[in-house]
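J.: my questions concern the predicted model and sequence given below.
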Amino acid sequence: PITEILGGPDLFINKGSTINLTCLVRYAPEPPPLMLWSHNREVINFDSPRGGISLVTEKGPVTTSRLLIQKAIPSDTGLYTCDPSNANPASVRVHILNGEHPAAMYHGPASIPLSPSLSFLYISVVENLFKLSGINHR
């Protein structure tokens with residue numbers, strides 16, 4: 001099986017935005033019975049006082065697990081790991097930006113930053129997908 005978190009190995013998120021981490025598990029003999037997520041090596045507690053954390057997992061030939069963290073704050077920075085019970089884990093490092101431009105901090109392969117209007121469009125599309133699917137993400 002192959003486990004990957006989309007957009008990694010580093011994700012740059014603006015403070016106050018929603019963190020959307022999407023983990024894919026492919027080529028597993030069966031969907032993983034359990035998908036654990038951790039932040040800085042501690043299992044994420046969905047009942048924590050921080051609030052605004054939800055998980056949506058869709059099992060199938062490719063299992064998708066989405067960790068959504070509303071209103072990103074500086075303490076959300078760190079290493080996030082998706083650990084399926086029947087496959088190797090995958091990790092991504094999340095950086096919460098306080099208005100800085102991520103390109104100044106980024107040293108990996110070239111990327112194309114989204115303009116504010118494209119970011120708004122992307123958020124609008126995601127919001128509409130949630131509405132159409134009937135998922136309560138707030």
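T.: Yes, it's here. Numbers count the residues shown, from 1 in each chain.
J.: what count of nearby residues applies to Tyr80?
T.: For Tyr80, the neighbour count with other CB atoms under 10 Å is 23. C-beta: built from backbone N, CA, C; applies to glycine.
J.: please apply the same query to Thr18.
T.: Neighbours around Thr18, by other CB under 10 Å: 17.
J.: you'd agree it is up against Leu67?
T.: No. The pair Thr18 / Leu67 is not scored as a contact, 10.5 Å apart, by CB atoms under 8 Å.
J.: what residues sit buried inside stretch 79-90?
T.: Tyr80, Thr81, Cys82, Asp83, Pro84, Asn86, Ala87, Ala90 (16 or more other CB atoms under 10 Å).
J.: kindly apply the preceding question to stretch 30-47 instead.
T.: For stretch 30-47, by 16+ other CB under 10 Å, it's Pro31, Pro32, Met35, Trp37, Ser38, His39, Ile44.
J.: likewise for stretch 48-65?
T.: Going by 16+ other CB under 10 Å, stretch 48-65 has these buried residues: Gly52, Ile53, Thr57, Thr63, Ser65.
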